[in-house]
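# With the sequence up front, the predicted model follows.
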Protein chains: 2
Amino acid sequence: MDSGEIFLALVLILLFARIFGEAAAWLKVPPVMGEMFAGILLGPSLLGWVELNSIIQALAEIGLILLLFEVGLDTDISKLAKHGYKASVVALGGFIAPFFAGFALSYWHFDLPLLLSLFIGGTLTATSIGVTVRVLRDLKRHRSHEAQVVLGAAVIDDILGVVLLALLYEFSVSGGISLSNASEVFIFIVIFMLLAPIVAKLMAQTIGRYSQHSKIPGLIPTTIVTLVLFFAWLAHLVGAPALLGGFAAGLALSRRFFLPFGSQLLLEDGKFVQRIERSMRPIIQLFTPIFFVVVGLSLNLQAVDWGSSSVLWMATLFTILAMLSKLFGAFLIKESNHFRWAVGLAMIPRAEVGLIFAEVGRMSGVFDHDIYAVMIITIAATTILPPFMLKWFYARFGHHLPDKGQ
Amino acid sequence: MDSGEIFLALVLILLFARIFGEAAAWLKVPPVMGEMFAGILLGPSLLGWVELNSIIQALAEIGLILLLFEVGLDTDISKLAKHGYKASVVALGGFIAPFFAGFALSYWHFDLPLLLSLFIGGTLTATSIGVTVRVLRDLKRHRSHEAQVVLGAAVIDDILGVVLLALLYEFSVSGGISLSNASEVFIFIVIFMLLAPIVAKLMAQTIGRYSQHSKIPGLIPTTIVTLVLFFAWLAHLVGAPALLGGFAAGLALSRRFFLPFGSQLLLEDGKFVQRIERSMRPIIQLFTPIFFVVVGLSLNLQAVDWGSSSVLWMATLFTILAMLSKLFGAFLIKESNHFRWAVGLAMIPRAEVGLIFAEVGRMSGVFDHDIYAVMIITIAATTILPPFMLKWFYARFGHHLPDKGQ
């Protein structure tokens, strides 16, 4: 391929992602939706200016791994401990209910294949920490009691979601679903998720200790990206999606992560973690929009069979189901109904994690054009609507909630 | 291609670049030499662990463009004004002499084709600001009078070198050399080099003014990379190598660059330029080692015909010629002989700019395996030896020089 074409494609992707991301933020819609729309606009659905190729695909995949690295980096394990019980109940309820509802509707009502139905269920499980934090911050409720429960639950949901994705990915690669296969993969993934952050942490400490002796600049960006890609490769090797490696590395380098036998290093670590964040942010910010634009580029709305009207019908059904089922977990905890509604509504946004599920489903060949379009519409609806619902809810019922936050 | 393979290749490239870059710095050899060696080790010459593919090639090309962006960013045009006359004489002498010497040896002595001989001459013209600054700083002479002349000359050499490269690149693409063609291309390039920095500066100022209204993080890394790639694409469009666009964008954003009609914006600009540097450094530091490793990967020492011994013989001749011809410019200025020697020796290192010439020559099909190997050996020798020569010279004759620097 001509290198001029690649530069032009990257210029268009980055420029449109920025323009529509900012426009979305202006309209109070989560920016990832704007970036995805930029991809739909540039891709085969509308303008057809950018064609997907292996180079852009590779950059998007690196973007995805770095995104999960950032999610891991922002994960505050101490939050889980604080509001652990309620958060776990909300998370488990809000994980299991959408999964089974999505699976049941697909498998029994729409007669879809088993693996596809499982993938659809999985796509509905995610909760986007990013969107949720953003909306609660806009409402100045991000330090409130319900926000703490929601954030804890979103963290657990993320971990459960990534493990489920790894499991389904392995099924899609091996081509079949068997209980022995599942348990074997599950054990692999659990071992990976337990060992990888510890190994990553030890490696990062080695880098940190070595950093004083480094004689050429750029130690942190190069070595940390190397570390992240190394774990992505390892995850790929054990049969999990590469993004699991990014997540494990991010978790290991997050501020609150510490090794039981290394806690005395926490203080000197703090500065190093800060330096990592400062160097890695621009790189993450550069790559992740490419992923979201590629999600939009992968969608070919012109190839969708709109005549049968089943796509819109399915998308509507899944959207309603996705919203209702997320409320389930919130109504299991012992709190006022207002509290439960606030938590339940805040858990609805799927955004990036839902898009990751959909993209893995598409790339592994499980989702065809129509189902991919259904999922993208469902994720878009469950991401765009909740911020407005939450704002309306707080304006109307906010005074019933215990603390006003800061 | 399997994405696992890409991750592994990138891990190996970044890791080995870091290890051998640091090792080189330890041995007081310019780090780019270590990174290039990492590529020779990983590539077909020795281990054969990493195979070049379109994705790594694209990342290396982006690295090259960002490297030239950084060279442009670090270019201090005010330095030229200060030591302008002497620096210009040294630069022109040190540009013309190696070019004609390299061309004459290739064309008349070795009977090589015209375009190839011109490319060889071009490869010998470059002066590496990076290596020169580094060595003079190690010797604590980087603020001395001779250092200022050398730095000014290196800046002019860089600009002349990039323009020459653009000209030769166009010849290699169009397949022929004609005077009318040359003058047309030359005019194009001059217009580009005059207009591009102004347009880039205006665009950057627009971004800077807009940055207060941005609602999502990551404005600077994404928009500046977009800007750089846009000018790379433009340069490619007018028939120049893409790296010229990176250089023009870097020049526009450098601290000392200002528009004649916008000098009142200089102060508020300062902060913005600083923010750009802070965000862009990690991205540049991540991508550029990939370029230097790819230079090594592109070299196949096993494909070189060592039996005829002409490769080593040519490399030796070119190395001697490259060193002697760079002294020429220094002996044209009115200074003491010690001063002239110090300037001349400091002008010898070719490093990155030489490697860029060689890589463009290889990619455009002008250099075959043997000539590419000859050029790489010549560049390596002229980069590795001068630091030692300069150190010896200053230890022996340093006291004869006017000021001791700081």
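Received it, and whenever you're ready, just let me know what you need.
# any idea which element the closest residue to chain B within the stretch 251-400 of chain A lies in?
Residue nearest to chain B within the stretch 251-400 of chain A (CB to the nearest CB): residue A:285, separated by 2.9 Å. C-beta coordinates here come from the backbone N, C-alpha and C atoms, glycine included. For residue A:285, the host element (DSSP states H and E) is helix A:266-298.
# Okay, buried residues for stretch A:40-57 please.
A:40, A:41, A:42, A:43, A:44, A:45, A:50, A:55, A:56, A:57 (16 or more other CB atoms under 10 Å in any protein chain shown).
# Next step: the residues you listed restricted to helices.
A:40, A:41, A:42, A:55, A:56, A:57 (DSSP state H).
# List just the nearest of the residues you listed to chain B.
Distances from chain B to these, taken by CB to the nearest CB, are shortest for residue A:55, at 4.8 Å.
# Spell out which residues of the stretch 151-300 of chain A are next to chain B.
By CB under 8 Å from any CB of the partner chain, the residues of the stretch 151-300 of chain A that approach chain B are A:214-223, A:225-226, A:229-230, A:232-233, A:236-237, A:242, A:279-286, A:289.
# Leaving out sequence neighbours, find the closest residue to residue A:188.
residue A:238 (5.0 Å; CB to CB, 6 or more residues apart in numbering or on different chains).
# Tell me how far the one you found lies from chain B.
11 Å (CB to the nearest CB, to the nearest Å).
# thinking again about what came up before, need the buried residues of stretch A:40-57 in JSON lines (columns: pLDDT and distance to chain B).
Below are the buried residues of stretch A:40-57 laid out as JSON lines (pLDDT from 0 to 100; distance: CB to the nearest CB, whole Å):
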{"residue": "A:40", "pLDDT": "89", "distance to chain B": "19"}
{"residue": "A:41", "pLDDT": "94", "distance to chain B": "16"}
{"residue": "A:42", "pLDDT": "94", "distance to chain B": "14"}
{"residue": "A:43", "pLDDT": "89", "distance to chain B": "18"}
{"residue": "A:44", "pLDDT": "87", "distance to chain B": "22"}
{"residue": "A:45", "pLDDT": "83", "distance to chain B": "23"}
{"residue": "A:50", "pLDDT": "91", "distance to chain B": "13"}
{"residue": "A:55", "pLDDT": "92", "distance to chain B": "5"}
{"residue": "A:56", "pLDDT": "92", "distance to chain B": "9"}
{"residue": "A:57", "pLDDT": "88", "distance to chain B": "8"}
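# As a check, name the ranges of all strands in the stretch 301-406 of chain A.
Taking DSSP state E, counting those that start in this stretch, the stretch 301-406 of chain A contains no strands at all.
# hang on, the earlier thing: show me what the helix holding residue A:285 is packed against.
helix A:3-26, helix A:31-42, helix A:54-74, helix A:179-210, helix A:219-237, helix A:351-363, helix B:219-237, helix B:266-298 (3 or more CB pairs under 8 Å, 6 or more residues apart in numbering or on different chains; DSSP states H and E).
# What residues sit buried inside it?
Buried-residue list, helix A:266-298, by 16+ other CB under 10 Å: A:269, A:272-273, A:276-277, A:279-298.
# for chain A, which residue is closest to the average position?
Against the mean C-alpha coordinate of chain A, by CA atoms, centre = their mean, the closest residue is residue A:353 at 2.5 Å.
# That one is in contact with residue A:124, isn't it?
No. Assessed by CB atoms under 8 Å, residue A:353 is found out of contact with residue A:124, at 10.6 Å.
# quick one: contacts for the residue nearest to residue A:277 when sequence neighbours are not counted?
Of all residues not flanking residue A:277 in the chain, residue A:73 sits nearest, at 7.0 Å (CB to CB, 6+ apart). Listed by CB atoms under 8 Å, 6 or more residues apart in numbering or on different chains, the contact partners of residue A:73 are A:250, A:251, A:253, A:254, A:277, A:280.
# what's the neighbour count on the closest residue to the residue of the stretch 251-400 of chain A closest to chain B other than its chain neighbours?
Using CB to CB, 6+ apart and skipping the chain neighbours, the partner closest in space to residue A:285 is residue B:218 (2.9 Å). Residue B:218 has 20 neighbours, counted by other CB atoms under 10 Å in any protein chain shown.
# isn't residue B:218 right up against residue A:280?
No. Using CB under 8 Å, residue B:218 is not in contact with residue A:280; the gap is 11.8 Å.
# residue contacts, residue A:294?
A:13, A:39, A:52, A:56, A:57, A:60, A:63, A:359.
# and of those residues, the nearest to residue A:196?
residue A:63 (20.3 Å; CB to CB).
# Can you give me the neighbour number for the closest one?
Residues near residue A:63, counting by other CB under 10 Å: 22.
# quick one: low-confidence ranges for the stretch 51-200 of chain A?
A:76-81, A:129-130, A:175-181 (pLDDT under 70).
# what about the residue nearest to residue A:239 when sequence neighbours are not counted, helix or strand, and which?
Computed as CB to CB, 6+ apart, the closest residue to residue A:239 that is not its neighbour in sequence is residue A:170, at 4.8 Å. Secondary structure assigned from DSSP H and E places residue A:170 in helix A:145-174.
# ok, the residue nearest to residue A:277 to residue A:289 distance?
Going from residue A:73 to residue A:289 by CB to CB, to the nearest Å gives 18 Å.
# just residue A:386 next, same as before
22 Å.
# What's the nearest residue in the stretch 101-250 of chain A when you look at chain B?
residue A:218 (2.9 Å).
# what sits against that residue?
Here residue A:218 is in contact with B:281, B:282, B:284, B:285, B:286, B:289 (CB under 8 Å, 6+ apart).
# show me what contacts the third one?
The neighbourhood of residue B:284, defined by CB under 8 Å, 6+ apart, consists of A:218, B:66, B:67, B:69, B:70.
# any idea of the mean pLDDT in stretch A:356-364?
Averaging pLDDT along stretch A:356-364 gives 84.
# what sits up against it?
With CB under 8 Å, 6+ apart, stretch A:356-364 has contacts from A:64, A:67-68, A:119, A:122-123, A:126, A:161, A:165, A:168-169, A:172-173, A:241, A:243, A:291, A:294-295, A:298, A:367, A:371-372, A:375-376, A:379.
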